[in-house]
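Undergrad: give me coordinates for this.
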Amino acid sequence: MAEQPPPAFAWLILATSVIAVSSAGAVFQLINEVDPILRASWRLQATALILLPPFIFQFVNLKNNDVETFSRLKEKRVILAIIGSSICLCIHFGSWVWSLDHTSLTHSLLFVTAHPLVIVSGLYLLGKQISPGQTTGALLGFLGAGITLLGVTNEGEVTLIGDLAAFIGAIAIVGYLVAGRVLRAWMPLFIYAFPVTLIAGLLLGLSSIVIEGTSLGGLPAVSSLFGWSDVLWLPAIAYLAIGPGLIGHTGINGVLRWFTPLVISVAVLFEPLIGSLIGWYLGTTTVPGVYTWLGGIFLILGVIMVTLGQTSIDELTNAIDEGE
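TA: Residues are numbered from 1 along each chain as shown. Okay, here's the model as predicted:
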């Protein structure tokens, strides 16, 4: 029996989810009066609040109905993996949102979504065989990254340090994905997502206090650890938590029922283009220069080639396990 094509509404959910995720950068830039690390903390604090009710439901259900799995939550290696995942998520969001203040939106999105290049590079460094297509894609992607960096001297918004911060975000998200892949093999979604998001948000908050001079409470809200609850900032932070955070990522996970991970991975690679268009529409970024266009095309094509080569988090996770 022939495989049924995905229904029309599944394509709609996928498109809506990708657009929601892609809009995060521009919305973060709309509230750039707030320090970047604090902005990132606000986003994860609000997301954790949304994740709390389903976390409680799954936690109680697991405790009452699956004692064996529930007991695994107390294992030292599981706790360490959750903490490690939280640290990676903290670094990812902190460095990426910081990059939005120090380079163009397009450059930030191009570099932060280049994590497939990080994965294939990790496999190479671990001595694992990669296909010719993956090798070509990685070389093409890094060539594109080099071309985009030429815009540092010609495009006013672009800086090397900002691009580097975004790429650090890409490296960090690989650690988050590897830890998540291991834990999510048996751990319910929200039991994993809530503590990781909460801890990452708290780590960002602590970093903001130390680095940016954020206060624990009070006024002004713009420099308060919990200032996102102020009426001035709540709409943007609520959108970031519900739109990109809940609808975006939950929708992408949900359509795995109809699409292969490969289709979804390629769809998400359009984030730099869609995000840049949203930023241009909202007035948070200008039209990219020639080096960004040219290098961006090579970078995206390279990432697509690596993705089509089936380089996955599973491969990197297995390679790390074998190396232990």
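Undergrad: how close does Q4 get to I130?
TA: Separation of Q4 from I130 (Cβ to Cβ, to the nearest Å): 33 Å. Placement of C-beta: from N, CA and C, glycine included.
Undergrad: looking at the two, which is more packed in?
TA: I130 (18 against 7; other Cβ atoms under 10 Å).
Undergrad: checking the more buried one next. Helix, strand or coil?
TA: Put simply, I130 is coil when judged by DSSP: H, G, I helix; E, B strand; the rest coil.
Undergrad: following the longest helix along the chain, which helix or strand shows up next?
TA: Identified as the longest helix of the chain according to DSSP state H is helix 36-65. On the C-terminal side of helix 36-65, the closest following helix or strand by DSSP states H and E is helix 67-72.
Undergrad: burial check on G127, number of neighbours?
TA: 9.
Undergrad: make sure it is indeed in a strand.
TA: No. According to three-state DSSP, G127 belongs to no strand; its state is coil.
Undergrad: so how far is A81 from it?
TA: Distance from G127 to A81, counting by Cβ to Cβ: 24 Å.
Undergrad: average pLDDT for stretch 29-37, rounded please.
TA: What stretch 29-37 shows for mean pLDDT is 96.
Undergrad: and that stretch, how far apart are its ends?
TA: Using Cα to Cα, to the nearest Å, the gap from the first to the last residue of stretch 29-37 comes to 13 Å.
Undergrad: might you list the low-confidence residue ranges for the protein?
TA: Within the chain, the ranges that satisfy pLDDT under 70 run 1-3, 153-156, 261-262, 310-324.
Undergrad: show the contacting residues for the spatially most central residue of it.
TA: In the chain, the C-alpha closest to the average C-alpha coordinate belongs to I173, at a distance of 6.1 Å (Cα atoms, centre = their mean). Shown in contact with I173 (Cβ atoms under 8 Å, 6 or more residues apart in numbering): 88-89, 92, 112, 115.
Undergrad: which residues of the stretch 101-250 of the chain fall in helices?
TA: 105-112, 115-125, 132-149, 160-183, 189-212, 234-240, 249-254 (DSSP state H, counting those that start in this stretch).
Undergrad: let me know the angle separating the second one from helix 160-183.
TA: Between the axis of helix 115-125 and that of helix 160-183 there is an angle of 70 degrees, by axes from the mean of the first three to the mean of the last three Cα atoms, to 10 degrees.
Undergrad: next, the angle from helix 115-125 to helix 105-112.
TA: Using the same axes, to 10 degrees: helix 115-125 against helix 105-112 is 30 degrees.
Undergrad: got it, and the third one?
TA: For helix 132-149 and helix 105-112, the angle between their directions (the same axes, to 10 degrees) works out to 150 degrees.
Undergrad: let's number from 318 now, not from 1
TA: All right, first residue 318 from here; so that's helix 449-466.
Undergrad: and helix 449-466, C-alpha only, in CSV?
TA: Output in CSV follows, covering the C-alpha atoms of helix 449-466 (Å, rounded to 0.1, in the frame of the first residue of the first chain):
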residue,chain,number,x,y,z
PRO,A,449,31.3,12.7,0.3
GLY,A,450,28.1,14.7,0.2
GLN,A,451,28.5,15.6,3.8
THR,A,452,32.1,16.6,3.3
THR,A,453,31.2,18.7,0.3
GLY,A,454,28.4,20.3,2.2
ALA,A,455,30.6,21.1,5.2
LEU,A,456,33.3,22.7,3.0
LEU,A,457,30.6,24.6,1.0
GLY,A,458,29.0,25.8,4.3
PHE,A,459,32.3,27.0,5.8
LEU,A,460,33.2,28.7,2.5
GLY,A,461,29.9,30.5,2.7
ALA,A,462,30.6,31.5,6.3
GLY,A,463,33.9,33.0,5.2
ILE,A,464,32.3,35.0,2.4
THR,A,465,29.7,36.4,4.7
LEU,A,466,32.4,37.5,7.1
